[in-house]
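**Student:** Here is a sequence together with a model predicted from it:
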Amino acid sequence: MKDYSYYQYIKIRTGEKSDIGILSEYIRKDSMFPKQETAYHQLSDYLERNPYPDLKLSAFDDSYQDYQNWLNH
């Protein structure tokens, strides 16, 4: 199992033409994003308190599931 933060994972999704790619761009530009965090609830709480414009939180849910799969492969 890999030992990477969600931020380290989401950076590899930058440039994709998808909601996850857009989310990745927002996160990379967000200097306050918790870069070392791995826990779903902590990340979700941060995104709920600091929403990005025109982005559904379902993009985070989908990306977090992908992150979990990525860690295990």
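**Tutor:** Okay, I see it. All figures in this text were calculated on a predicted structure; none of them were measured in a lab.

**Student:** where's the residue minimising distance to the centre of the chain, which helix or strand?
**Tutor:** Residue closest to the average C-alpha location in the chain (CA atoms, centre = their mean): residue 10, at 5.0 Å. Secondary-structure element containing residue 10, defined by DSSP states H and E: helix 6-10.

**Student:** who's in contact with that helix?
**Tutor:** 20, 23-24, 27-28, 33-38, 43, 63-64, 66-67, 70-71 (CB atoms under 8 Å, 6 or more residues apart in numbering). Placement of C-beta: from N, CA and C, glycine included.

**Student:** Please indicate which of the residues you listed are buried?
**Tutor:** Neighbour counting over those (16 or more other CB atoms under 10 Å) leaves 20, 23-24, 27, 33-34, 38, 43, 63-64, 67 as the buried ones.

**Student:** closest to residue 53 among the residues you listed?
**Tutor:** residue 23 (11.7 Å; CB to CB).

**Student:** what are the phi and psi angles of the closest one?
**Tutor:** phi -60, psi -40 (degrees, to the nearest 10).
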